[in-house]
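Colleague: Sharing a model prediction with you, sequence too.
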Amino acid sequence: MPKFSDVVVFRIWKREATGQGGLLSGVDPTAFTTSDLLRLWIIQLGIIVMMARLLSLGLGKVRQPKVVAEVLGGILLGPTVMGRIPGFTQHIFPAWSLPSLSLVANIGLCLFLFTVGLEIDASIIKRNVRSSLFIVLSAMTLSFGLGAAISVPLYHNFIGSSVNYTYFMIFTGVSFSITSFPVLCRILTALKLLDTAVGVVVLSAGMCNDIVCWSLLALAVALVNATSGLTALWILLTCAAFIVFLMWPVRIALLQLARFTGSTENGPTVFFMIVTVMIIWACAFFTNVVGVGAIFGAFLAGVIVPREGALAISLTEKLEDTVTIVFLPLYFTLSGLNTDFGLLNNGITWGFTVAIICLDFAGKFSACTITARISGMSWRESSTVGSLMSCKGPVELIILNIGFSAGIVTQRVFSMFVLEALLLTVMITPLVSTIYPPERRVRALAGAISRWSTGDRNEDIGDRQSPITEDTPWRSRFTVILDKFDHMSGMLVATQLVLPSSPSSQQTELSVDALRLIEMSDRTSVIVKSSAVDTLIHTDPVLGDFRTFGELNDIRVSLSLSIVPYEDMSNTVSDHATRHGSELILLQWLPPSSIFGEGPCSPHTRVEPNSFEASSGGSTGTSNLATTTHSQFVRRTLAESKTDVALFIDPGASLSDTGPGSARHIFFPFFGGPDDRLALEFVMQLCANPRISATVVRMSRSGVERAAVQWPSIVRTKEEGSYATQNTRHYHGMPIQSTVVMPNISYGQTRFESETADSILWEQYVGSHSSSDIHPSIRAALSRITFSEHSSSTPLHSAIQQAPTHKPLLVVVGRSHRLGSDDQMSELENILKEWGSVGQDDIRKTIGDAATAFVASGCAAAVVVLQAANASAQ
């Protein structure tokens, strides 16, 4: 016996040792050997993933779903294109290697169907269950009928009599009836339709369609695998009993386990993940052995996962990268290897291909359009619903692959349907963009898709306006932008600054709207978030912290969440602020570490970058690429905003380092211009808080004559005068037009007009400390402000030197001002060189000259940059 063991071990060792030389021994790395399957599989995987990535880069520019690139990549690697290269298929995709490739692809397919099941949310279906079911049933009935009708000539021309016609008819009808819900979600999110009336109906209808079609597919597979009608009936009854078992005992037990392990609060634990994975493969195994396919069981496993606490989103995040990067491209490549467009080589074949495309689209489009119109939608909205419900994508390919593997569909017919699925998926995005442009969209009612967590959901947006008047001198409606978790602490400090010292001191009700921005990507978890905003708005940690902040400070906080592409973020901010009647947008910007100089502003005021932020990816730890990307977002927001914007910059030691009762001091160098006038008004509002004082210095360049202080004499006709009287408002009890009430003052005005407005505003503020005809809160704020004037040939240097030694010091500046000339740019360059910071042109364009100088010098604990509405970005 020992001799036998030694012989076996020697032979195994010898067999493995002979193959260890590999490439260095002259062995072809693409040579397929049963003893080493991994080597060729890695080569295949690398080629497939690179092909899919390269195509997605190009197709992403035209807003096509990533699945289009993956399917097209599989087709290119198949016999249609690269398969015609001599030796390519024999070396890269030999027939002997396909079983192992298929095994891995089908494992990934089960995981993909599990994530599809995670996307099914019963609460979304319930919102519009009546209209959605009406649309789905009518569309599926007509589509299935058209599919069954065209299956007759297809069967007689391309399918042999060895295939049961009933099976082929069922697969054709299901293929016509399907709507790809995963791709549909991506299109809705990419086109920003989720919060429209169309998006609400389509999302619900897509889920219903997905469930019905998977049930029909299970029926079709059961009929194919059954040996008789009685056997098929037993298979269906067994599946029905299994579904009932999963939906009640297993689902309830899984929910209790999630709560017991804390998975609903803190994300899935290791033990919960183990149980979930076991359930996935147990369900897949059971449905496979009874004859309806493993993917159906994996889909059911995803459906029963609890939705409480965004658990489904957390599970999707753990699986999505491996599934979408590795497994799905493998599966689509297998579809491409089975697709040969070279077989579409005659007029009859192309005639049937065109008929398949036209009938499939016509059936879905006409049925959904008519039923949506009957449900009360306009023709434009109804046709958009019909277009979106015609989306195919990977779900139809799964059905076709099942039919091809079962021998029901030939390679020629398979290629015809693959072309149909690809074309219908590609055409949806441009078609919907044409039919339903942004200016024609109707947003859903609050009861349909709610973005609010607190506040009156039925409040009219027109009632949100609270103009600054003599009785209500301060801004009371703010929009706070929360785009990154790193910005959370800074935005809390910025919001705290604009709050009144006590609720009773604010005559009008203060309202803060927190807009949480999440960048849309191809990740499945982002798509799940898009379809589950109502759940996410209560579970997002950033919004949760801000909600708590509002409750602690006794202010009305409305929470909103928007998932949009990066290029649409700035426009989303502008539209959101305008739609909700905001008077000021609060935005955060973190400077890169390269902006900090080497020498201190003074021995007592230099603030070093916060080490915690550096270690956690904050301001000093942010990469140049991330900083540049965020700066572009900030510049776009400033350029497109129709509302005044306050940009909060926290270069290191935040103002939050002080206690809630600590005093703060503001330094504001007034250079002039619309942004500086807005900044002066902002300083006034901050100083309404008795714990905040300010030093305001009017900076001027030596040798430059200042405009004379005089009230402009304007002669109007009677009609013009009455119109002006109707639209003129007293500002803070003083007859002066500021940025808020003098819209004609903008970046396009003459220099003399701007200087005159600066002088008028300055003289009114300086001379109104003891005036009795102004609002009491204005008089109190002015008593905490020290006004002075300073003239210098280098105003930026002088402004930095004028900054007092109060700690912590908040510097408020305007983003642009009338001194923005080449001379000041030269002065800023000297300041940056003096503090060891060079090459900061991108930062200067983002925050302006004055803010760049103060951030580089390190004189401030924080800087607030103000920009008036409709101001130029540059």
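Modeller: It's in.

Colleague: can you pull the contacts of residue 309?
Modeller: Taking Cβ atoms under 8 Å, 6 or more residues apart in numbering, we find residue 309 in contact with 258, 263-265, 539. C-betas here are computed from N, CA, C, even on glycine.

Colleague: can you do 7 Å?
Modeller: Residue 309 is in contact with 264-265, 539, counting by Cβ atoms under 7 Å, 6 or more residues apart in numbering.

Colleague: For the spatially closest residue to residue 209 that is not a sequence neighbour, report the pLDDT, please.
Modeller: Nearest residue to residue 209, sequence neighbours excluded (Cβ to Cβ, 6 or more residues apart in numbering): residue 179, at 4.5 Å. On pLDDT, residue 179 comes in at 91.

Colleague: you'd agree residue 179 is up against residue 208?
Modeller: No. Taking Cβ atoms under 7 Å as the definition, residue 179 is not a contact partner of residue 208, at 9.5 Å.

Colleague: out of these two, which sits in the busier spot?
Modeller: Ranked by neighbour count (other Cβ atoms under 10 Å), residue 179 and residue 208 place residue 179 first, with 29 against 22.

Colleague: From residue 236, how far out is that one?
Modeller: According to Cβ to Cβ, to the nearest Å, residue 179 and residue 236 sit 23 Å apart.

Colleague: part of a strand, is residue 517?
Modeller: Yes. Counting by DSSP: H, G, I helix; E, B strand; the rest coil, residue 517 falls inside a strand.

Colleague: Just give the number of residues close to it.
Modeller: Other residues close to residue 517 by other Cβ under 10 Å number 23.

Colleague: show me what contacts it?
Modeller: Neighbouring residues of residue 517 by Cβ under 7 Å, 6+ apart: 481-483, 562, 569, 572.

Colleague: got JSON lines for these, with neighbour count and secondary structure too?
Modeller: Putting the contacts of residue 517 into JSON lines (neighbours: other Cβ atoms under 10 Å; DSSP: H, G, I helix; E, B strand; the rest coil) gives the following:
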{"residue": "481", "neighbour count": "26", "secondary structure": "strand"}
{"residue": "482", "neighbour count": "25", "secondary structure": "strand"}
{"residue": "483", "neighbour count": "21", "secondary structure": "coil"}
{"residue": "562", "neighbour count": "21", "secondary structure": "strand"}
{"residue": "569", "neighbour count": "21", "secondary structure": "helix"}
{"residue": "572", "neighbour count": "19", "secondary structure": "helix"}
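
Colleague: Turn those into CSV, columns for distance to residue 776 and pLDDT.
Modeller: CSV is the format used below for the contacts of residue 517 (distance: Cβ to Cβ, whole Å; pLDDT from 0 to 100):
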residue, distance to residue 776, pLDDT
481, 33, 95
482, 35, 93
483, 38, 87
562, 40, 87
569, 41, 90
572, 39, 90
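
Colleague: Among those, find me the one that's closest to residue 766.
Modeller: Set against residue 766, the nearest of those by Cβ to Cβ is residue 481 (34.1 Å).

Colleague: wait, doesn't the closest one sit right on residue 573?
Modeller: Yes. Between residue 481 and residue 573 there is a contact under Cβ under 7 Å: 5.9 Å.

Colleague: Tell me the residues that contact both of the two, please.
Modeller: 515, 585.

Colleague: Now do the strands in this structure.
Modeller: Applying DSSP state E to the chain gives strands spanning 477-482, 511-519, 556-564, 584-589, 645-649, 664-670, 692-701, 785-792, 809-814, 862-867.

Colleague: Can you lay out these as CSV showing distance to residue 365?
Modeller: As requested, those are arranged in CSV below (distance: least, Cβ to Cβ, whole Å):
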stretch, distance to residue 365
strand 477-482, 39
strand 511-519, 32
strand 556-564, 27
strand 584-589, 41
strand 645-649, 43
strand 664-670, 60
strand 692-701, 61
strand 785-792, 65
strand 809-814, 54
strand 862-867, 46
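
Colleague: So for residue 119, which of those strands sits nearest?
Modeller: Closest of those to residue 119 is strand 556-564, at 14.2 Å (criterion: Cβ to Cβ).

Colleague: next one: that closest one to chain centre, how far?
Modeller: 13 Å (Cα atoms, centre = their mean, to the nearest Å).

Colleague: Report the angle between that strand and strand 511-519.
Modeller: Relative orientation of strand 556-564 versus strand 511-519 (axes from the mean of the first three to the mean of the last three Cα atoms, to 10 degrees): 20 degrees.

Colleague: helices or strands up against strand 556-564?
Modeller: When contacts are defined as 3 or more Cβ pairs under 7 Å, 6 or more residues apart in numbering; DSSP states H and E, strand 556-564 packs onto strand 511-519, helix 524-531, helix 533-539, helix 541-552, helix 569-579.

Colleague: let's go with 10 Å and repeat that
Modeller: In this structure, strand 556-564 packs against helix 181-190, strand 477-482, strand 511-519, helix 524-531, helix 533-539, helix 541-552, helix 569-579, with contacts taken as 3 or more Cβ pairs under 10 Å, 6 or more residues apart in numbering; DSSP states H and E.
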